[in-house]
Structures are given as structure tokens and as C-alpha cells.
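In: pasting the structure only:
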Ligand code: NAP
Ligand code: MG
């Protein structure tokens, strides 16, 4: 069989620990036999980040701006223990944080649905994708404990020294105060990333805040989304046959529970933090959750939502057999390859990505899966495979399909 050609390189960001092991297996078994893989390779493994003073992370993000699409393996975010383990020069920042800051993007997390791994919410038939605004609000708040009676005010001093004041509260006794902020720039980028991704994935976009109570703060989010939608996206949404839908956050939660899924739910920072844990655990497993960073300019970086699966890696190093789920990492590759195919008009590449995803799903639905899924499946008799054997089983399914 002739291998599929690629015209533009894909930015490949290698990573750490067990996911680095899976990365190589996926390439060897599922990609290289079928595709003339054209990637620009960046090694974001912690050793190489340390050796390059983390310049490799910045270069990989710059390359993503150049080519438009990247695929990333999970990476270690260093902490005190990692400083010793890897003898690091510095406690390098989270690569995801660095890349997100350069691309100014929003992360979209989507569960992978297979028969036999049923969502807790029985009417959810299609994935619900959560987009979380990643700046400000309570995560950048300033707080104060108030010991007793007194007056609290919000004070803004402009560049010329002119003050504007709003009373927060006349305290009669002890209490607490919190000051939050956000930036129009950041909200605008968030909105554009959400509209861009909704168009690219042909799904409705929902957004919700508490604008009836927060008439200036949350209302600004609602207004920014609305203005950008009307000015830049309304026509494209109509052509694509999708909808932008704004509602109150409590109404959104009620509708999400009763929906059948199949849309993107854009959330403010705190709502996204809380709701993404709810949605992902209700869908089943972190190992079945993909993640894509979308910039307001339409650059895409695909990855798995889980980490480097350290505990499995240490077993692997001891020569013990592991049963680590590679599905989210495979879907990071297929997401990136499909997008590359779309941008280059390379139908063969996009179709291969679809087939590889179907092969993963079919393999699991036939009862062949890794241990994490075997523990939660409704299939009464699953075959529990090792990391390597699962990938080989997907290869066998794929081979029948192509
Ligand atoms: P983790 O790698 O997500 O793993 C936590 C646990 O979840 C695992 O021990 C395993 O449970 C289960 N699990 C996760 N993914 C799995 C998979 N594919 N197959 C089977 N089981 C899976 O989180 P962590 O152990 O807290 O973090 C390890 C490293 O990852 C850290 O250094 C962290 O900085 C990094 N991290 C990176 C990213 C990223 O690059 N996007 C995200 C999160 C964390 P059992 O052990 O019970 O089997
Ligand atoms: Mg959280």
C-alpha cells in the first residue's frame, strides 16, 4: 500500500514518562506504516527543556504559529521533587502555560464516547466540549479579612490620578472582602477562540454568566461575546448551520443535564474549573478525554487531557507490564492530522485520521481495552490488554479498515 503524503509539516512536541513511551509506540504501529509522516520535531521532555533553558518550549510554540497545527505529548510540570529527580537548573514553568501564553489560546476538552463506557447522565449521547476562560476572576483576586466595623470601598485611580469610588459595604462587624478583575483583551480572545472552534467543529456554542446579578462585571462578558459574534461571526454561523446561544449560568446547568450533548459550553474561569471536572467524571475517564488549545488567530495544538501517568512509568522502568490507555494520545494525533488535512486539502490524511479513531472505538467496543476501562465498562467480559497489546489490537482493526 502506498503511504499517505503530507505537504506541510505538523509540529510534534514530544513529552515525558509513560506518555513518551506510548508516543513512540503510536508512531511506530499506527502512523509510520500508513503515512509519510512530515513533522517538525521538538523534544519537550524535561531533560531537553532543562538542557535548552526551556527555549525549546518557546520555539515549539513559535513553530505552531508558523505552521498552524501541533500535536503535544503530556509533559512534567516541575515541582520540588522533580528538581532533585532531574537535577534541574530551575523550576521551569508548565509548558502548557508557556505555550498558551504565546498562542493566547483557550483549551477545549472533549470526551471520547464508546459503547460500553456509559456516561452517568443517561441522556448524554454526544460529547459535551468545555471551553474554560483561563485568565482572571477569582484566580487573580485580592482578598482581605476585616476584623470589625468600618467602610470598604472599590477605588480606581486613573493615569492622571483621578479616583472613582464605589461603596462595597459598611461593616458593622467582622467579615471578608475580595477584589476581582478581568481584561477586555482577554475576554475578546476567549470569545474569538470559542467562535473559531465552534465553526471548525460545526457545533453550537453555549455561553453563560450571572449577568442579571453582576450587571457590570459579568455583563461585560456577555456584551463582548455578543458584539464580536454580531460583527465577525453571525453570517459564518448561519452558513454553517450552527447557533450561538447565551443564557444564565443556572439555566445553562439545568439545560446541560437534560441535553443529549453535541455542543461546546464556554465557561468563565471558575465555572470552567468546576464544570469540566463534573462533565469529565460523568463521561467516565480522564484517559478518554482529549484537549485542544485554539488561538483566536486559528492555530491549533492537540493533546490528551491527562498527565504523564508517572506511576505506570515507574512500573515500566522496573520491567513490569503496564496497561496504560493510549486513546486520548492517539486522538491528539488524529485531531492534528485531520486539521492538517483540512488546511492542506489533503483528504486522504483527514480520512486516515477518521479511520484510526474508528479503529480505536471498534477495538474497545469489541471488548479489547486497557485496565482503566475494564474497571468501568458495562461489557461483562472484557479482555484486559497491556499498553503495547492494546495498540497492536488497534493496528489489527485499522489494517482491516484501510
Ligand atoms: P496523570 O498522569 O493524569 O495520572 C494520574 C492517574 O490517573 C494515574 O496514576 C492513573 O491512575 C490515571 N491515569 C491517567 N491517565 C491514564 C491513562 N492514559 N491510562 C490509564 N490510567 C491513567 O496525573 P499525575 O500522576 O498527577 O501527574 C503526572 C505528571 O503529569 C505530573 O508531573 C504533572 O505535572 C503532569 N501533567 C501534565 C499534563 C499535561 O502535559 N497536559 C496534565 C496533567 C499533569 P492509576 O495509577 O490508579 O492507574
Ligand atoms: Mg479543577
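Out: Thanks, I have the structure now. From a predicted model like this one, the values you see are computed outputs, not experimental measurements. Numbers count the residues shown, from 1 in each chain. Ligands and ions are numbered 1, 2, ... in the order given.
In: next one: phi and psi at residue 350?
Out: For residue 350, the backbone dihedrals (degrees, to the nearest 10) come out as phi -60, psi -40.
In: That one: what's it in contact with?
Out: 337, 338, 341, 342 (C-beta atoms under 8 Å, 6 or more residues apart in numbering). C-beta coordinates here come from the backbone N, C-alpha and C atoms, glycine included.
In: Over to stretch 174-182 now: how far is its first residue from its last?
Out: As for stretch 174-182, its first-to-last residue distance stands at 28 Å under the measure C-alpha to C-alpha, to the nearest Å.
In: Quick check: buried residues in it?
Out: 180, 182 (16 or more other C-beta atoms under 10 Å).
In: next one: stretch 21-39
Out: Counting neighbours by 16+ other C-beta under 10 Å, one finds that the buried residues in stretch 21-39 are 21-23, 25-27, 29-31, 34-35, 37, 39.
In: Just among the contacts of residue 350, which is most surrounded?
Out: residue 337 (26 neighbours; other C-beta atoms under 10 Å).
In: Remind me which helix or strand that one belongs to.
Out: When elements are defined using DSSP states H and E, residue 337 is found to belong to helix 327-344.
In: ok, now residue 270?
Out: Taking DSSP H and E as the definition, one finds residue 270 inside helix 269-283.
In: and that helix, how far from the chain's centre?
Out: Helix 269-283 has its C-alpha centroid displaced from the chain centroid by 12 Å (C-alpha atoms, centre = their mean, to the nearest Å).
In: could you say what helices and strands that helix packs with?
Out: Packed against helix 269-283 by the contact rule (3 or more C-beta pairs under 8 Å, 6 or more residues apart in numbering; DSSP states H and E) you find strand 106-111, strand 128-132, helix 249-258, strand 263-267.
In: Take these and lay them out in JSON lines including distance to ligand 1, mean neighbour count and mean pLDDT.
Out: Formatted as JSON lines, the entries for the helices and strands packed on helix 269-283 read as follows, by distance: least, C-beta to the nearest ligand atom, whole Å; neighbours: other C-beta atoms under 10 Å; pLDDT from 0 to 100:
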{"stretch": "strand 106-111", "distance to ligand 1": "9", "mean neighbour count": "24", "mean pLDDT": "93"}
{"stretch": "strand 128-132", "distance to ligand 1": "14", "mean neighbour count": "25", "mean pLDDT": "95"}
{"stretch": "helix 249-258", "distance to ligand 1": "24", "mean neighbour count": "14", "mean pLDDT": "96"}
{"stretch": "strand 263-267", "distance to ligand 1": "19", "mean neighbour count": "25", "mean pLDDT": "97"}
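In: if I look at the residue lying closest to residue 104 once chain neighbours are set aside, how far off is ligand 1?
Out: Leaving out its chain neighbours, the residue that sits closest to residue 104 by C-beta to C-beta, 6 or more residues apart in numbering is residue 189, at 5.1 Å. Spatial separation of residue 189 from ligand 1 under the definition C-beta to the nearest ligand atom, to the nearest Å is 20 Å.
In: Could you look up the SS state of residue 189?
Out: With DSSP: H, G, I helix; E, B strand; the rest coil as the basis, residue 189 sits in helix.
In: wait, doesn't it sit right on residue 106?
Out: Yes - using C-beta atoms under 8 Å, residue 189 makes contact with residue 106 at a distance of 7.4 Å.
In: rewinding a little: tell me the one of the buried residues of stretch 21-39 nearest ligand 1?
Out: Proximity to ligand 1 was ranked across the buried residues of stretch 21-39 by C-beta to the nearest ligand atom; first place goes to residue 22, at 7.7 Å.
In: Look at that closest one and give its secondary structure.
Out: helix.
In: which residues does it contact?
Out: Shown here is residue 22, whose contacts under the criterion C-beta under 8 Å, 6+ apart are 324, 326, 329, 387, 391.
In: The second one reaches residue 388, doesn't it?
Out: No - taking C-beta under 8 Å as the contact criterion, residue 326 and residue 388 are not neighbours in contact, 9.5 Å apart.
In: where do the contact lists of those two overlap?
Out: By C-beta under 8 Å, 6+ apart, the residues touching both residue 326 and residue 388 are residue 25.
In: Between the two, which is the more surrounded one?
Out: Set side by side, residue 326 and residue 388 show more neighbours around residue 326, with 26 against 17, by other C-beta under 10 Å.
In: In contact with the more buried one, which residues?
Out: If you count contacts by C-beta under 8 Å, 6+ apart, then residue 326 has 22, 25, 26, 370, 387, 390, 391 around it.
In: before we move on, back to that, from the buried residues of stretch 21-39, which is closest to residue 359?
Out: Sorting the buried residues of stretch 21-39 by distance to residue 359 puts residue 30 at the head of the list, at 8.2 Å, by C-beta to C-beta.
In: and that closest one, what does it touch?
Out: For residue 30, the contacting residues are 330, 333, 356, 391, 394, 395, 398, by C-beta under 8 Å, 6+ apart.
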